[in-house]
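Undergrad: Pasted the sequence and its predicted model underneath.
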Amino acid sequence: MKQRLKVNDYVEGIRQGNRVVLAKALTLIESDLAADRVTAGKVLSRLKPVVKDIIRIGITGAPGVGKSSFIESFGNFLTQRNKKIAVLTVDPTSQLSKGSILGDKTRMEQLSKNSQAFIRPSPSGGALGGTTLRTRESILLCEAAGYDVILVETVGVGQSEVAVKGMVDFFLLLILAGAGDALQGIKRGIMEMADALVITKDDGDNKKKSRDAQAEYQHALQLFRTDESGWKPPVLTCSALEHTGMEEIWEMILTYKEKTSKNKFWQVNRKKQAVNWFHDYISQGLMAEIYRSPRLGKLIKKLEKEVISKKQLPALAGEKLLASFKKMLSSK
Ligand code: GDP
């Protein structure tokens, strides 16, 4: 087992904004060991709710669209505005390939040297559900450590976007001009979740293509979505290479915050997210409880085989398992 700190050392270190302690606390949060979960719970409960204004921004887009370049440029822009920023990642590919699309290469080199920025590579392993619960806890730690803007990056494969959308205030979809939605793997559902679209690489020969795409997407977006936020998602452009468009994007996010704070959507959304988090925690916890039990684990294996060989309908196999679980609970 890796070296752990005492609860108090984590709490004090985080309060003081100590980056080394913050990194250690995030490792603790990501751990599946039962003892670590207990310590993590104690640390989380000892951190006071942060009163200052924090903005959580989700960022997604297909591989190669320019996410890390964007975060580097946008992040540096924000730190010049005296914002402390933390970058977290939800990367479902790390569970599939063991390596990860987002984590392997050296990303955001400049930003990682910026003392006002904290970058956390994606935790690997575990199911997406578990990872997203941990990411939510990580957001809280970063906020308690004094970060003002939390950027949560994810790679566009569907499920992870839904998860990230559920933990941020503003959700940004990056797209490439002229590459076609299907080619970029952008599903309509993801487009509908976005609070803004940003066309990347608006520089050099791409400029005309970017303008065309901007008009096209703006038109497409009008066709769907006006939800209770009262916000109409705009389409902006930027170049991480030339560092253009960053100010407009930030101003837009601030406008969103102002408008939705006034009509209370911002606050209601956060409350809903907190309730959903609570429910996610319950379902994840129940699942973990079931899969951790040796007796039920054996039964699951057995029932799985029966489902494969068609001896048992999946739903009935599920019923059997739950019946055993209930019995186990009542005999405790
Ligand atoms: P990610 O996979 O979405 O994180 O994308 P990266 O940020 O790694 O960028 C993918 C490629 O696009 C890299 O070769 C970058 O150099 C290039 N790129 C990123 N941003 C820009 C930009 O603003 N302009 C241009 N011309 N190229 C860019």
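TA: Sure, I can see it. Fair warning: this is a prediction, and the values are worked out from it, not measured in the lab.
Undergrad: Give me the pLDDT for Gln273.
TA: Here the pLDDT value assigned to Gln273 is 94.
Undergrad: er, Ala163 actually
TA: At Ala163 the predicted local distance difference test score is 87.
Undergrad: Would you mind listing the residues in contact with the closest residue to it other than its chain neighbours?
TA: The spatial neighbour of Ala163 that comes closest, neighbours along the chain excluded (CB to CB, 6 or more residues apart in numbering), is Thr132 at 4.1 Å. Backbone N, C-alpha and C define where each C-beta goes, glycine included. Contact analysis of Thr132 by CB atoms under 8 Å, 6 or more residues apart in numbering lists 90, 160, 163-164, 166-167, 280.
Undergrad: which one of the residues you listed has the most neighbours?
TA: Highest neighbour count within those, by other CB atoms under 10 Å: Val90, with 26 neighbours.
Undergrad: what residues does this protein put near the ligand?
TA: By the criterion of CB under 6 Å from any ligand atom, the positions of the chain lying close to the ligand are 61, 63-69, 200-201, 203, 239-241.
Undergrad: could you flag which of those residues are buried?
TA: Buried subset of the residues of the chain next to the ligand (neighbour count, 16 or more other CB atoms under 10 Å): 61, 65-69, 200-201, 203, 239-240.
Undergrad: Please narrow those residues to those residing in helices.
TA: Cross-referencing those with the helices (criterion: DSSP state H) gives 67-69 as the overlap.
Undergrad: could I get those residues as CSV with pLDDT?
TA: Compiled in CSV, those are given as follows (pLDDT from 0 to 100):
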residue, pLDDT
Lys67, 93
Ser68, 91
Ser69, 94
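Undergrad: picking up where we left off before, helix or strand for the residue nearest to Ala163, which one?
TA: Of the helices and strands defined by DSSP states H and E, Thr132 is found in helix 128-144.
Undergrad: Just the CA atoms of that helix, as PDB, please.
TA: In PDB, the C-alpha atoms belonging to helix 128-144 read as follows (Å, rounded to 0.1, in the frame of the first residue of the first chain):
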ATOM      1  CA  LEU A 128     -17.200   4.500 -15.700                       C
ATOM      2  CA  GLY A 129     -19.800   4.900 -12.900                       C
ATOM      3  CA  GLY A 130     -17.100   4.600 -10.300                       C
ATOM      4  CA  THR A 131     -14.800   6.900 -12.100                       C
ATOM      5  CA  THR A 132     -17.400   9.700 -12.400                       C
ATOM      6  CA  LEU A 133     -18.200   9.400  -8.700                       C
ATOM      7  CA  ARG A 134     -14.500   9.900  -8.000                       C
ATOM      8  CA  THR A 135     -14.300  12.800 -10.400                       C
ATOM      9  CA  ARG A 136     -17.100  14.600  -8.500                       C
ATOM     10  CA  GLU A 137     -15.200  14.100  -5.300                       C
ATOM     11  CA  SER A 138     -12.100  15.400  -7.000                       C
ATOM     12  CA  ILE A 139     -13.900  18.500  -8.100                       C
ATOM     13  CA  LEU A 140     -14.700  19.200  -4.500                       C
ATOM     14  CA  LEU A 141     -11.100  18.700  -3.400                       C
ATOM     15  CA  CYS A 142      -9.900  21.100  -6.000                       C
ATOM     16  CA  GLU A 143     -12.400  23.700  -5.000                       C
ATOM     17  CA  ALA A 144     -11.500  23.400  -1.400                       C
END
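Undergrad: Just the buried residues of the helix or strand that that helix is followed by, please?
TA: Where DSSP H and E defines the elements, the next helix or strand beyond helix 128-144 is strand 149-154. For strand 149-154, a neighbour-count test (16+ other CB under 10 Å) marks 149-154 as buried.
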